[in-house]
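**Q** Predicted structure and sequence below. I'll ask about it afterward.
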Amino acid sequence: MSPPARPEATGPPAGSEATSPPARPEGTHSPVRLEDTGPPPAGGPRGRRAAPDAPRPLRAALRRLWPRTLWARLVAGALVLLALACATIGVATSIALDRFMVDRVDQQLALTAGRFAASLEHREEYGEHGDSRGQAPGTLGARLLDGRVTDSAVVVPDRAGHILSAGDAAVLAGVPVDRRGHTVELPTLDDYRVMAVEGGDGDVLINGLPLEGVNTTVHRLQLAELVLFAVVMLVAGVVGTIGVRLSLRPLERVAATARRVSTLPLASGEVTLPDRVPDEDPRTEVGQVGAAFNRMLGHVGEALAERHASEQRMRTFAADASHELRTPLATVRAHVELARRHPGEVPEQVRHSLERVEAESARMGKLVDDLLLLARLDAGRPLARDQVDLTRVAIDATGDARVSAPGHRWRLELPEEPVTLVGDADRLYQVVTNLTGNARAHTPPGTTVTVSVRIPGPGRAELTVADDGPGIPEEIRGELFERFVRADKARSRASGGSGLGLAIVRAVVAAHGGTVTVETRPGRTAFNVMLPTA
């Protein structure tokens with residue numbers, strides 16, 4: 001922090017190239033000011049204008065440098081405010097001290113009132129350099145007549161005089177004669193505080209004192225303030241960081257609890273929420289956040305418990321209903337088969353009714369088996385753990401699909417070596433048949449369906465069933481693997497099955513530790529099943 005620049009006085013002689021820094025207010029003193037009367041530089045008025053886009057990189061840099069965490073932002077904000085306060089104090093004290101000391105210099109000049117300068121006229125009495133008795137080192141005296149310096153001297157420690165240069169004389173010639181102090185910058189003597197008074201012979205007497213002592217004192221004050229403010233900033237940063245971190249520790253506990261909740265599998269199954277946040281003091285903002293967060297966890301826990309209980313009831317109902325329906329369905333199918341074996345002649349209408357009863361009972365039996373399988377998978381019952389050749393499963397399922405849908409073109413893309421994994425062969429076969437059946441049911445005859453098996457990486461096997469059909473409607477893509485989801489909202493029997501096929505695919509693949517995804521667009525639909533081989 002540097003003191004404000006003092007104005008300079010200059011004389012009117014043409015050709016002078018002296019320039020001055022911006023004027024500083026001096027209270028009751030009237031500083032002499034130099035103005036540059038030369039033409040402005042090419043390209044516009046004096047000074048450079050910032051480009052319109054100049055602030056944008058600065059704002060981007062500030063955003064990158066500004067800390068991200070809340071505690072760091074609080075500490076940084078406090079340090080910025082403290083730095084502004086220190087800078088304000090430093091500038092204010094520097095200006096106040098500078099003005100005070102300059103006023104003291106003006107008082108000394110007012111007491112001498114041109115006495116040293118007047119003695120320069122009587123060199124035969126006081127010597128070549130005037131009466132320097134009692135004058136402080138560096139005291140300047142000059143006598144002007146008709147705007148020209150006729151006599152001048154500067155007191156130095158050895159009491160020898162210093163004659164002013166032409167540049168110094170030009171500056172002094174421009175000092176107003178108003179008995180007020182003015183700051184000037186003399187080319188050979190640096191900064192001076194001068195005062196001009198009228199002499200008794202129509203001349204002008206100028207006395208001046210150097211400002212070196214004032215500048216040195218102000219600079220020492222500024223250096224002391226810089227050291228002090230740096231220590232204060234350092235201590236405030238350390239103490240502020242510790243205090244803010246301690247104050248925000250309850251909020252960190254809230255964040256830690258939220259992170260633990262975010263890692264829980266909330267989509268299904270029983271969920272045990274972590275312990276509540278202990279900070280619930282309603283008198284603090286963090287306590288209010290903790291209390292609200294605890295209430296939210298309570299509501300979420302109740303909702304998850306209710307959802308889990310409902311899922312359990314639905315699973316139990318589906319399993320019990322499926323199990324209970326298998327026996328009566330088997331009985332119905334047995335009686336239908338027995339009635340069709342009746343040796344006597346059966347009327348055509350009765351025979352057709354028996355055939356319909358048998359077909360619908362078989363359809364219902366398949367639906368019951370699917371529901372029972374899903375219930376068992378939901379209950380987490382283990383599947384068979386055997387060595388399964390996935391390429392053989394793909395070959396068998398594709399061969400069966402080729403027989404049941406000869407109107408489609410079926411292709412196999414298999415690696416040279418068999419792809420084996422540990423799993424349930426029957427369930428994996430059901431996965432492939434469900435995917436091929438889905439492609440057969442929802443694509444027109446002539447569609448090419450490709451079943452491929454490959455090893456995309458170590459420990460992984462990928463099974464893909466792709467077709468070049470019209471694609472999957474956008475409105476059902478998000479719920480494609482849910483239960484009883486069908487493209488035909490009217491649920492016509494002619495347009496597809498029960499809507500459980502893809503749900504079984506996802507459940508079986510998940511039970512094997514794999515994933516199933518779908519990519520669809522007009523002209524290509526691909527179901528990708530990723531399974532672990534280890």
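**A** Yep, that arrived. Here the structure is a predicted model, which means the values were calculated and not measured. Residues are numbered from 1 along each chain as shown.

**Q** Please count neighbours and contacts with C-alpha atoms only from this point.
**A** Noted.

**Q** Report the distance from whichever strand or helix holds T217 to the chain centre.
**A** Counting by DSSP states H and E, the element that carries T217 is helix 212-247. The chain centroid and the centroid of helix 212-247 are separated by 31 Å, computed with CA atoms, centre = their mean, to the nearest Å.

**Q** May I see the buried residues of the helix or strand just after it?
**A** Next in sequence after helix 212-247, counting helices and strands by DSSP H and E, comes helix 249-262. Judged by neighbour count using 16 or more other CA atoms under 10 Å, the buried positions of helix 249-262 are P250, L251, R253, V254, T257, V261.

**Q** Can you give me every residue that contacts the last one?
**A** Right, the one you point to is V261. L273, P274 (CA atoms under 8 Å, 6 or more residues apart in numbering).

**Q** Need the pLDDT of it.
**A** Turning to V261, the model gives it a pLDDT of 82.

**Q** The first one too?
**A** In the predicted model, P250 carries a pLDDT score of 81.

**Q** for the fourth one, same thing?
**A** Per-residue confidence (pLDDT) for V254: 83.

**Q** List the buried residues in the helix or strand where A441 lies.
**A** Under the criterion of DSSP H and E, A441 resides in helix 425-442. Of the residues in helix 425-442, those scored as buried under the neighbour-count criterion (16+ other CA under 10 Å) are 425, 427-440.

**Q** Tell me which residues are up against that helix.
**A** The set of residues that contact helix 425-442 without belonging to it, under CA under 8 Å, 6+ apart, is 384, 386, 388, 393-394, 397-398, 401, 405, 408, 449, 465, 467, 495-496, 501-502, 504-505, 508-509, 527.

**Q** hey, where'd the strands end up in this structure?
**A** Assignment of strands within the chain using DSSP state E yields the ranges 140-145, 148-154, 182-186, 190-198, 204-210, 386-389, 409-413, 420-423, 448-457, 460-467, 515-521, 524-532.

**Q** Could you dump those strands into a markdown table and include mean pLDDT, distance to G298 and mean neighbour count?
**A** Converted to a markdown table, these look like this (pLDDT from 0 to 100; distance: least, CA to CA, whole Å; neighbours: other CA atoms under 10 Å):
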| stretch | mean pLDDT | distance to G298 | mean neighbour count |
| --- | --- | --- | --- |
| strand 140-145 | 81 | 87 | 26 |
| strand 148-154 | 71 | 89 | 21 |
| strand 182-186 | 89 | 76 | 26 |
| strand 190-198 | 87 | 76 | 22 |
| strand 204-210 | 86 | 79 | 27 |
| strand 386-389 | 91 | 44 | 15 |
| strand 409-413 | 94 | 53 | 16 |
| strand 420-423 | 91 | 40 | 20 |
| strand 448-457 | 93 | 44 | 18 |
| strand 460-467 | 94 | 41 | 22 |
| strand 515-521 | 92 | 32 | 16 |
| strand 524-532 | 93 | 37 | 20 |
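
**Q** for these, which one sits closest to A291?
**A** A291 lies closest, by CA to CA, to one member of those: strand 515-521, at 39.1 Å.

**Q** Show me what the closest one is in contact with.
**A** Outside strand 515-521, the residues that reach it (CA under 8 Å, 6+ apart) are 470-472, 505-506, 509, 525-531.
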